[in-house]
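> Test case, fold it:
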Amino acid sequence: MVSPVAVTTGEPAGIGPEVSVKAAFAADFPVTLIGDERFLRETAEKAGLPSAFPANVRFHNIPLAAPVVPGRLDVRNAPYVVETLKCACDGALAGTFSAVTTGPVQKSIISDSGLEFTGHTEFFASRSRVKRVVMMLTSSEKADALRVALATTHLPLAKVPAAITGELLDDVIGLSRFPVYDSDIDDVIGILVRDLRERFGISGPKIAVTGLNPHAGESGHMGREEIDVISPAIGRAQQKGFSVTGPWPADTIFVREHERHYDAILCMYHDQGLPVLKREGFGHGINVTPGLPWIRTSVDHGTALDIAGKNIADTGSMTAALDLARQMVRHATGDYSF
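Here you go, the predicted structure:
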């Protein structure tokens, strides 16, 4: 029997609790909501949902530290948010959860509390003891969705060129050794290739890689990263039999006539690829974390403090993230009855 999908309900003062309970009500598979049960039940009641949750929805109760005022951040509840993430991660590692879908958090208030936190992706990688994971967003849960993966994640733009190394790209594409838990996996098929194959059901994934500089460096006239780092990494991937091409100019590869031929596009930094992705799929886009030893999906939006508590939040992204988690579990386990 497949374990339930866990949902971390996010920053309590934002729209995370609302979209989480609404999406859970719409799900027809086992879901566990992680958060303050009393608060989540009150949120459902205010949203006009039935007083009784469906039988397929369970709770893992983590008490709030302070009362919640919609739209008003409270630093006292920052540890609560982090505790929901720890619970989800540890449960996924233990097999208690088949996947984790995360609601939006407010990074600034977590940092203000004194806790070190740069984002879900980095937090889960550290707690799962994985050297390298990939941040990937997909425009929807559909098979033909646009998928954009990032070589670097939440990094200041000035630090990106130095971070683009052969080792980084080898890890992301999957040519080097990397530890999962305490053991090494030799000759891995690659973080992206592996997840696209095993969790998306794409037998021979095709990946396009962008350059770092405008026009992919213009043969070295606008930078040498493409010549010195990116092209050699692509060559090594091709020697391994992976269907990887590039480096492509970022303003060219996203032309629909080009991008439709690829299962994923690997971009060098956050704002190179995500504006296009969010323009394509905002409202139903999904964040995925290839490379984790468990399945994680997430909404593609923030906490939306300005509309919190007003019962007008769009649940499209959370519903799509839950649906994709279910699809990925089916591919990973082979249990298509889930």
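> Run a quick neighbour tally on residue 85.
Number of residues near residue 85 (other C-beta atoms under 10 Å) recorded here: 21. In short, each C-beta sits where N, CA and C put it, glycine included.
> what does residue 28 give?
Residue 28 has 8 nearby residues by other C-beta under 10 Å.
> Just confirm it contacts residue 56, I think it does.
Yes. Counting by C-beta atoms under 8 Å, residue 28 does reach residue 56; the two are 6.9 Å apart.
> got the residue ranges for the strands in the stretch 1-150 of the chain?
Along the stretch 1-150 of the chain, the segments classed as strands by DSSP state E, counting those that start in this stretch run 5-8, 31-35, 57-61, 99-102, 135-138, 147-150.
> from the chain's centre, how far out does the fourth one sit?
Between the mean C-alpha point of strand 99-102 and the mean C-alpha point of its chain there is a distance of 9 Å (C-alpha atoms, centre = their mean, to the nearest Å).
> what's the answer for the second one, then?
When C-alpha coordinates are averaged (C-alpha atoms, centre = their mean), strand 31-35 and its chain have centres 18 Å apart.
> which strands and helices sit next to it?
Applying 3 or more C-beta pairs under 8 Å, 6 or more residues apart in numbering; DSSP states H and E, one finds that strand 31-35 contacts strand 5-8, helix 16-26, strand 57-61, helix 78-94.
> Same list, those, but as TSV with mean pLDDT please.
Shown next, in TSV, are the helices and strands packed on strand 31-35 (pLDDT from 0 to 100):
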stretch	mean pLDDT
strand 5-8	98
helix 16-26	98
strand 57-61	98
helix 78-94	98
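> Deepest-packed of the ones you listed, please.
Looking across the helices and strands packed on strand 31-35 with neighbours counted as mean count of other C-beta atoms under 10 Å, the highest average goes to strand 5-8: a mean of 30.
> May I have that one as CSV, with CA atoms only?
Output in CSV follows, covering the C-alpha atoms of strand 5-8 (Å, rounded to 0.1, in the frame of the first residue of the first chain):
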residue,chain,number,x,y,z
VAL,A,5,1.3,12.5,0.3
ALA,A,6,2.2,15.0,3.0
VAL,A,7,1.3,18.6,2.6
THR,A,8,3.2,21.3,4.6
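> Parallel or antiparallel, which strands does that strand pair with?
Strand pairing for strand 5-8, determined by DSSP bridges: strand 31-35 (parallel), strand 99-102 (parallel).
> Is it possible to get TSV of the strands of the stretch 1-150 of the chain that adds distance to residue 316?
Converted to TSV, these look like this (distance: least, C-beta to C-beta, whole Å):
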stretch	distance to residue 316
strand 5-8	15
strand 31-35	17
strand 57-61	19
strand 99-102	14
strand 135-138	13
strand 147-150	18
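> So which of those is nearest residue 260?
strand 147-150 (11.7 Å; C-beta to C-beta).
> C-terminal to the closest one, which secondary structure element comes first?
As assigned by DSSP states H and E, the chain's next helix or strand after strand 147-150 is helix 160-163.
> Give the next helix or strand downstream of that following helix.
Next along the chain after helix 160-163, taking DSSP H and E as the criterion, comes helix 166-173.
> now residue 214: how far from residue 148?
Look at residue 214 and residue 148: by C-beta to C-beta, to the nearest Å, they are 18 Å apart.
> out of those two, which sits in the busier spot?
Under the criterion of other C-beta under 10 Å, the comparison of residue 214 against residue 148 puts residue 148 first, with 26 against 12.
> bridging residues for the more buried one?
For residue 148, the beta-bridge partners under DSSP bridges are residue 137, residue 265.
> That one reaches residue 192, doesn't it?
No. If you go by C-beta under 8 Å, residue 148 and residue 192 don't touch, sitting 11.3 Å apart.
> so what sits against both of the two?
136, 264 (C-beta atoms under 8 Å, 6 or more residues apart in numbering).
> And residue 233, how close does it get to residue 240?
11 Å.
> what does residue 280 give?
From residue 280 across to residue 240, the span is 30 Å (C-beta to C-beta).
> between the two, which one's more packed in?
For residue 280 versus residue 240, the count of surrounding residues by other C-beta under 10 Å is larger for residue 280: 19 against 15.
> Next up, the contacts around that one.
Applying C-beta under 8 Å, 6+ apart to residue 280 gives the contacts 139, 146.
> Can you tell me the SS state at it?
helix (DSSP: H, G, I helix; E, B strand; the rest coil).
> ok, so what distance separates it from residue 249?
Relative to residue 249, residue 280 is positioned 18 Å away (C-beta to C-beta).
> and if you look at residue 337?
To residue 249, residue 337 is 45 Å away according to C-beta to C-beta.
> Comparing these two, which shows the higher neighbour count?
residue 249 (17 against 8).
> number of nearby residues for the residue nearest to that one when sequence neighbours are not counted?
Leaving aside its sequence neighbours, residue 249 sits nearest to residue 216 (C-beta to C-beta, 6 or more residues apart in numbering; 4.6 Å). Residue 216: 25 surrounding residues under other C-beta under 10 Å.
> Same check on residue 129?
Neighbourhood size, residue 129 [other C-beta under 10 Å]: 12.
> and if you look at the one 10 residues further on?
Applying other C-beta under 10 Å, we find 22 residues neighbouring residue 139.
> quick one: contacts for it?
Shown in contact with residue 139 (C-beta under 8 Å, 6+ apart): 145, 146, 147, 277, 280, 281, 284, 285.
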